[in-house]
Structure formats: C-alpha cells, structure tokens
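Visitor: below are the sequence and a predicted model for it; my questions follow.
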There are 2 protein chains.
Amino acid sequence: MFTVRRMGVDTHKESVAFLDDDDLLCRCLGLHPMDRVEISASSRKLLAVLNAVEGTLVPRGTLGLSNYAFANLGLPEGADVELRPTEPPASMDLLRAKITGKRLSQDDFRNIVGDIAEGRYSRIELTAFVVAATINSLDDDEVYALTRAMVENGEQLHFDNPIVADKHSIGGIPGNRTTPIVASIVAAAGLLIPKTSSRAVTSPAGTADTMEVLMNVELPIERSYEIVKKENGCLIWGGALNLARADDLIIRIEHPLNIDSESLMISSILAKKKAAGSTHIVLDIPVGPGSKAPTRKKADRLKTRFEEIGRRLGLKIRVLLTDGSQPIGHGVGPVLEAQDVLKVLRNEPDAPTDLREKSLYLAGELLELTGKVGSGHGRQRAQALLQSGQAYEKFERIRNLQGRRELPEPGQDTQEILAEKSGSVKAIHNEVIARVARLAGAPRDPGAGVYIFKHIGDPVKLDEPLFRVHAQSEQPLGFALKFLEEHRDAIEVG
Amino acid sequence: MFTVRRMGVDTHKESVAFLDDDDLLCRCLGLHPMDRVEISASSRKLLAVLNAVEGTLVPRGTLGLSNYAFANLGLPEGADVELRPTEPPASMDLLRAKITGKRLSQDDFRNIVGDIAEGRYSRIELTAFVVAATINSLDDDEVYALTRAMVENGEQLHFDNPIVADKHSIGGIPGNRTTPIVASIVAAAGLLIPKTSSRAVTSPAGTADTMEVLMNVELPIERSYEIVKKENGCLIWGGALNLARADDLIIRIEHPLNIDSESLMISSILAKKKAAGSTHIVLDIPVGPGSKAPTRKKADRLKTRFEEIGRRLGLKIRVLLTDGSQPIGHGVGPVLEAQDVLKVLRNEPDAPTDLREKSLYLAGELLELTGKVGSGHGRQRAQALLQSGQAYEKFERIRNLQGRRELPEPGQDTQEILAEKSGSVKAIHNEVIARVARLAGAPRDPGAGVYIFKHIGDPVKLDEPLFRVHAQSEQPLGFALKFLEEHRDAIEVG
C-alpha cells in the first residue's frame, strides 16, 4: 500500500511513477526500475513507468506521480493505492505486427488507439508506433480505420445544423494566421463555424496561442455551445475538449523527431475535424520548400488522399494548394500575428495584403463549398463582409463573449536584421524564421517573435532592415541572434 | 546561471534536466518544457531534455539532473552552470534519412553512434533509430559500419596474446548458464578467456547477475588484467568497462519493445566482443520457439551473417545451433542458476546433465577453434578438465581473486506447481518461465526464480510437481502465481 503524491513534474503526457529505491528493494515487491506497473485503488486503475528515486525526494511509502499520471488516476493526494507489475498493453502485439509490415484492421486500430488514448503506452512504445506508421506507411483503408478509431476515442461535438463549416491549414508556414479572419467572415455570412484550434507544439504559435492574447480561449464546452448559438462561431482552444484524445499524444512524438508521416497527418487532421462535428471543410495545403508539401507532386498526393478519406468519413472537403514559399503577413509569434489579424479585420491601410488576400480566398471557397453562395461568387461575398466591417463586428462579439483581452505590446528587446547587400529578396526560409521566433521565446513569451519587413520579390537596399526579432528579455534575444549568426540567409537577398 | 543538483532520479540513461516552472517563465529564458537544452560550465557540456516542475521540488535557481545526466556532466553538486536552448544532435538528419530508407555510410554511423554514446539522443530519438533499423534492416556493409563505430566509441581491452577466447549465447533460454563452466574449462586448458558478461535487462538473470551471488563482479579494469594474467580468465560484469557505450543504450530500447532487429543484435554482440579484445569466439544460437531464432531458417541466416561480419572485423567465429526448445538446467534466477553451475563444476551426482553436456560441447568447440586441441578432440579434453576438478579449481581461484561470496539460500517463499494430469512433458514455454522468475523478483531479489523439475519428454504423474517458484517475500510470489493462473501451460503435459 502506497500513498499517492503529485510530484509536480511535467513529463509531457507520459505516466511516470516515482518510487524510493529502498522501497523497491526492501519491500520485496519484485519490481525493477523502468518496469511497467499498474496503480490501483477501488475503481481507478493506471499504467505507469516506474522511475527509482534515491534520497529524500519521495519518502518511503509514498508513490510519486507525474502530472499526467496524477490527472489520469483521478484520485486526491494522500489516497492509498496498490502497486503491482503488469504486462505491456495488449495492443503491443499489433504494433509489432505493423513493424513487421502487416496491414492492420479496424479492430486493430481500435485497440491501439484505445491504449494510446488511455495513456497506456510508454514514450518508447508510442515512438515505435509513430515510426512504424511512418516507414510502413498506412494505406487508405488503414488511415480510415485509424481516423475512425481516433474519433471514437474521445469527445464528439454535435450541432443541430446540417452544415458546420471549418477550415484548416496544414502548417509549417509562419504567420499563416488566416483562421480568425476566415471564421469571422463565414460566421458573419450566417454559417455555423465553431472553430477549435491548437496550440504550438514546436512552432512559434498555434492559432489558439495567437487568439489567446486577444481573448480567453479555454472555455467550458457548454459556454462554447452558447456562444456558437448566439454568434454562429467561436475561436477556442480544442485541447481542453478531449477530441481525438490519442492524436495529441502522437503529435508530441512526431514533432521533436521532425518526421512527416503523411498517413498520421491525414488521420490527425480529419479525426479532429470529424470529432468537432464539422461537415464542410476547406483545407489549405501550402506548397513550397520547408512546408509539409515541399513539391507539387507531394501536394497532389495529399490532396487526393484527403479527399478520399474525407469522403469515407462523410465530410465534404475542398483541398486548396496555396503558395507556401514564404511567411504570410508581417508578424510571427502570438502578439505580432494578432496585430496583423486585427489590421486586416479593421481594414487598416497598412494591413498585410497577402494575409488579407489569402483569407478572402479561403473564406470565399468555404462559402461556395457550403452552398452559401453560387460558384464563382465566394471571394466577392467574403470581401463585402470584410470591407463592410461585418466580419470585424462578428470577431469583436465573439471576443467579448469569450472574455476580451487587450492586445499586449510586442516584446521590447528587439534587434533589426539588415540586408548585407542591395538587390531583391530571392527566398525566405520558413523553418529558420520559425526557429528564430521560437528561440526568442514564442509562444511562451507571447510578445516574442519576428516582424518581417520584406517578402519575396521586394527590392532591398544595403543596410535596409529585412526583419526584426522581438523578445521579452535579453537572454532569449541572444539565443535567437546566436542562431541567426549560423543561419545568415533567413531572408536571402540576390 | 543555475546551481546543479543531483535529483537521485534513475531515468534509465536518459539525460533529463528538471527546472522550476516559474524559473522557466519568469527568467524569460525563452525555454519550453521538453525543449532540448545545453548545460555548460567551463569545459563541460551536456545535452538534456527539459522537464518543468511545479512546487518546491526544485528550488528557484536550481537545475535538477537525473542520475545519468549528473554523471555525464561530471560536475559536483552546487556547481554553477549556464543553460541555453539547443538544436537536436546533427546526426538526426541521418536518422531521418534511414527512416526514408536510405543506406548509411561508415561516417554516418560514426556520427549517429557518437551522438548516442555521448547521451545526446532523447529516448524518442533513440527509439526512432532502433525501430528504423529494425524495419529498414541494415545490409552487411551497414552492420559492419555500425559495429566498427560502436567499437571505436568506448574503451577497448588489449591482451598481449594472439588468442583471446570468448563464448556467447544469444539469449532467450532461461537457465542457459554455460559461461562460467566453459570459461573455467578453457582457462584451465591454458587459454586466455577474460570473460565480460552483462546483467539482465528484462530477463530474470544475466551471467553477471548469477556470478555476482558467488563473487564480486565489479572490478576496476587494472585488477581484472591482473587476475587474467594470473589465472587466464575472469568472470566480470562488462557494464562498468564502457565497452561499445552506445550498445547499452540501444538495448534498453529494444528490450521493452520486445522487438528483435537481426542487424542490431549482430552489431551489439560483435562490437562488445571486438571491444573486449576477443579473437576466437564460439557463438551459441539456441533454435526453438521463444528463442531469438525460432526457426532453423532464421538461425541459418543469423549464422551466415555473424560469420561474414565477424570475418570483416578480423574475428574467428564458430556459430553453433543448439536446442532452444526449453530451459537448461533446473534453476532460473541468480541463486538457483549458481547452484546448478556449482554442481556441474563439482561433478556432483545430481548436477543437471543438459547444462553439463552443453557446456562441454561449447568448451570443446572453443578448444578446437583456437587450435588448442585437434579437430574432434575438443569435447574429450573439456570433459577431462571438468572431471579432474581442474575446471572447478580454476573457477575457485578466480572467485577468490575477484572477491569470494558464499552462495545464499534460494528464496524461502515458495510454491510448487503440480501437473494437472498424467502423461509426459510436451513443451515448456521459455518466455512464461522467464516472466514468472522475473515477477517473483529475479534478478533484483537474487534468491527469486524458478526451479524446474521436469524437462521435455519426462514422464509426469498427476499432482507431481513440474516446477517450483521461489520468492524472497510473499507479494512477488503472489504476482508470479497470478501470472501463472493466466498461463497454465508454462510446462505442457500431454
């Protein structure tokens, strides 16, 4: 019998149990460090990986739990639990079959996804799944089966409406913050668009991070339903809603490895859309070096697969291939992106035209896909809703209902990066810009990021600023600038 | 600037840095939980994964380190260090190339193995390497390159002798403890056999665990050299010698996944032999269900590959396919196995004949391979050395020089498992026996394990004992018995 204690350690969603080394030895539990253990008390059960601890960190008789394990167990501190060695989750046999190249069935994926969603996979096992699915890539039947399993394993939102609009961009392009603009236009047009967005994993900002500087994005689901009922839309963080629970865990493995599994990406995106109750989706695939679709060929294949799997899931999907060669707008990082978004919504004269144009294009396509306007009239309608201020009004209503926040200042520790010669901008390296913004502190320091002055094709004079790095203090600014010393061609002038 | 503290947490060879969450936020380091960080002070540098901690566990201004990270950093507690975000190790690009199916060069493997050996890979990255090497299996050139890189990356032992004998069994067969007997015979014959063995990772005992109940196996390398000079042999734990440092880290991923990469197994074994200075090696491949070579076909392929890669490394290897259908001897677990070994060495009448015969076979082959005796005379010579007591005398001398320990009693909490019908033993499930011994506490409780009464073909009467489970206390005995309830056919009577 052990007493549970929350250790306060954020192991990023791995269930870890900390046990005093002497307890391990002297209690003759027969347990070994790194063993899989089952922690149980009355009706609660949890699988965790055992870490042995020396010294006074975990008192004898206490079982320390990582934050994720503690939350999953759902017992108060001080509760008594039993501890016993246990076998790896049953679906590990299926995972091993996938490693040897076997195709998996709907039931197989249900078992795997169930174990992942319940936190039964260790980080090693989860990584093995991700890498196996990347190398022995899944066919359409398997992606469909995986997606369904992910949808089933978590909450699902329901709206009393035959059309629930949605849009998604598949990432990799800094500053590509069209979502709040598209959602405001589409909601202003009278369509239902309950937008759930994600936070950054390794990027300088997710849509939820950017929205969070303008409004509260962590709402109870009941409150979100109310707001959607009133305003046709919302702009909330999807992470708290437990949609497609396994997906978040899988993403946390993919990102640090920086590997792109086409199959896992498709199922991740479609599972979250399906679980969020969406019916009509415009999907933005930026094409270009440094994006998820570096070549046209890869983009075309993605398009075909998204459409096919989407069709099987009963989703109407329109896939749009867009220019992914450079960042969109001026700002990269939560506050700087939010500035751009507000300028577009307010029709300010210095609003970034690329962000405005792309948002109008996506919104227009979504209006057409849902049948709200006839074919060929979408962009025009979108533009009207934006220019008239209706979209901004919609945005402000949603912002007020969710809990308004005033836009903070960008980080005040700044450094401009100047052109080392005259000419024009030949290329912008998305991944370098993203990394610089991240090193400068984004999104954890919301004012941190990069402000881009020049885009591809712009003329540049010697010593003219190409971009500015913003940080909230000196040290991260130094980290970002040090990285830039080794990557002097973030914006290439030729 | 942070002050280093050893947290006492055994993360099983992952470098983890624990930092107070408020420090992360308020110091504006621009760091995020799970970021890769570089910890540095004057000439010392270390890569670690950042875990954010709430509460009082890690005081502000302190950087907690896992045991592995603390040892790798090599600074005293209280030392001041700098912290900065850093990129993943450079060889991650090569690993991603392997994931996409590319062949890797000698230099590529040098880079990967170097980063692994220096502890620069996170557990996620290490798992990705293992799974990628398992799925996109390495060809002979790659295995050779990986093996060489592993040998170069760690200590290498050198003996002033053209012949350094060695033997290895590729595992999976409980109780297969021939090593101390073979080494004693071969050393008694006048050959050099400086035996380095491993501890169990997920099995109930490694040779080093079993030897440890009879003698000290953790010797400084200088002392081992002295003993080998005096007695031609030693029986030490190789883990402290830093041979092929990357191997230990790779094994810790493979075992919990329970996946067998042929390529990784070959390079793991041969790298350790080569680094240990061995020149002539007898390699025992048990063939049978539950072993690493379940089929004759797989065993033959392994044999061919071991011989080919061994040849390239300049090793003389004789591969022997043996019966892997059931455990060898009576005992499984350190103390119970040591009993068997002593009985064979002492020529006691109730010594297990299978262990004795297999040891004589392997020792005989090794005597022939090294040219110590002519072809066809090895077994005879081995038998003479065993029967005359010379092998036992050699064992005892080594035992005394290394630091003699007296054999403890087996665990006193026991349960006999009885036959549920009469007949004869049809099959024994190695993996069930191994798991039961492990659940009973082996090897951490050295007296824990399984004592086998009946082997395949033995006649059995109803209610006659098939095997006995030993534990050092009640609870692990219960764990083992519970597992047996779900695996009633550990020893199948038909």
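Guide: On my side now, so go ahead.
Visitor: ramachandran angles for the spatially most central residue of chain A?
Guide: For chain A, the residue sitting closest to the mean C-alpha position, by C-alpha atoms, centre = their mean, is A:Ser198 at 3.9 Å. Listed backbone geometry of A:Ser198 is phi -110, psi 170, with angles given as degrees, to the nearest 10.
Visitor: next: A:Trp237.
Guide: Listed backbone geometry of A:Trp237 is phi -80, psi 120, with angles given as degrees, to the nearest 10.
Visitor: same question, A:Ile491
Guide: The phi/psi pair for A:Ile491 (degrees, to the nearest 10) reads phi -120, psi 110.
Visitor: sorry, back to before: residue contacts, the spatially closest residue to the residue nearest to the centre of chain A that is not a sequence neighbour?
Guide: Closest residue to A:Ser198 in three dimensions, ignoring its sequence neighbours and counting by C-beta to C-beta, 6 or more residues apart in numbering or on different chains: A:Gly206, at 4.7 Å. C-beta: built from backbone N, CA, C; applies to glycine. A:Gly206 makes contact with A:197-200, A:443, according to C-beta atoms under 8 Å, 6 or more residues apart in numbering or on different chains.
Visitor: the stretch 201-350 of chain A against chain B: which residues are in contact?
Guide: A:252-253, A:256-259 (C-beta under 8 Å from any C-beta of the partner chain).
Visitor: mind checking how far the residue nearest to A:Ser198 is from B:Ala71?
Guide: When distances are taken as C-beta to C-beta, to the nearest Å, A:Gly206 and B:Ala71 turn out to be 37 Å apart.
Visitor: isn't the residue nearest to the centre of chain A right up against A:Gly238?
Guide: Yes. Taking contact to mean C-beta atoms under 8 Å, the distance of 6.0 Å between A:Ser198 and A:Gly238 places them in contact.
Visitor: common neighbours of those two, please.
Guide: Contact criterion C-beta under 8 Å, 6+ apart; residues bridging A:Ser198 and A:Gly238 by contacting each: A:Ala208.
Visitor: now stretch A:487-494: buried residues?
Guide: Burial within stretch A:487-494, assessed by neighbour count using 16 or more other C-beta atoms under 10 Å in any protein chain shown, is assigned to A:490-491, A:493.
Visitor: first-to-last residue distance for it?
Guide: Distance across stretch A:487-494, first residue to last, is 16 Å (C-alpha to C-alpha, to the nearest Å).
Visitor: does any bit of it sit next to chain B?
Guide: No. If you take C-beta under 8 Å from any C-beta as the test, stretch A:487-494 misses chain B, and the best it gets is 10.5 Å.
Visitor: what are the ranges of the helices in the stretch 1-150 of chain A?
Guide: Assigned by DSSP state H, counting those that start in this stretch, the helices in the stretch 1-150 of chain A fall at A:21-26, A:67-73, A:92-99, A:106-117, A:123-135, A:140-152.
Visitor: as CSV, these with distance to chain B and mean neighbour count would be great.
Guide: CSV is the format used below for the helices of the stretch 1-150 of chain A (distance: least, C-beta to the nearest C-beta, whole Å; neighbours: other C-beta atoms under 10 Å in any protein chain shown):
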stretch, distance to chain B, mean neighbour count
helix A:21-26, 7, 16
helix A:67-73, 8, 21
helix A:92-99, 6, 20
helix A:106-117, 14, 21
helix A:123-135, 4, 25
helix A:140-152, 16, 22
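Visitor: between these, which one is closest to B:Leu83.
Guide: With C-beta to C-beta, the closest approach to B:Leu83 among the helices of the stretch 1-150 of chain A belongs to helix A:67-73: 21.7 Å.
Visitor: so for the closest one, mean pLDDT?
Guide: Averaging the model's pLDDT scores along helix A:67-73 yields 92.
Visitor: thought A:Ala205 was touching A:Ala338?
Guide: No. Under the criterion of C-beta under 8 Å, A:Ala205 lies out of contact with A:Ala338, with a separation of 9.2 Å.
Visitor: comparing the two, which residue is more hemmed in?
Guide: Between A:Ala205 and A:Ala338, counted using other C-beta atoms under 10 Å in any protein chain shown, A:Ala205 has the larger neighbour count: 31 against 26.
Visitor: show me what contacts the more buried one?
Guide: A:177, A:332-334, A:337, A:437, A:442-443, A:449.
Visitor: checking my notes, it in a helix, right?
Guide: No. Going by DSSP: H, G, I helix; E, B strand; the rest coil, the assignment for A:Ala205 is coil, not a helix.
Visitor: if we can go back for a sec, most neighbours among the contacts of A:Gly206, which one?
Guide: Among those, A:Pro443 has more neighbours than the rest - 25 neighbours, counting by other C-beta under 10 Å.
Visitor: you'd agree it is in a helix?
Guide: No. Membership of A:Pro443 in a helix is not supported by three-state DSSP, which gives coil.
Visitor: per-residue pLDDT, it?
Guide: Per-residue confidence for A:Pro443 comes out at a pLDDT of 92.
Visitor: quick check: the closest residue in space to it that isn't next to it in sequence vs chain B, distance?
Guide: Leaving out its chain neighbours, the residue that sits closest to A:Pro443 by C-beta to C-beta, 6+ apart is A:Asp209, at 4.0 Å. The span separating A:Asp209 from chain B equals 12 Å under the rule C-beta to the nearest C-beta, to the nearest Å.
Visitor: my guess is A:Asp209 meets A:Arg199, correct?
Guide: Yes. Using C-beta under 8 Å, A:Asp209 is in contact with A:Arg199, at 5.3 Å.
Visitor: so the residue of the stretch 351-494 of chain A found nearest chain B, which state does it fall into?
Guide: When scored by C-beta to the nearest C-beta, the stretch 351-494 of chain A has A:Pro476 as its residue closest to chain B, at 2.8 Å. A:Pro476 falls in the helix class when you classify it by three-state DSSP.
Visitor: no further queries at this time; thank you.
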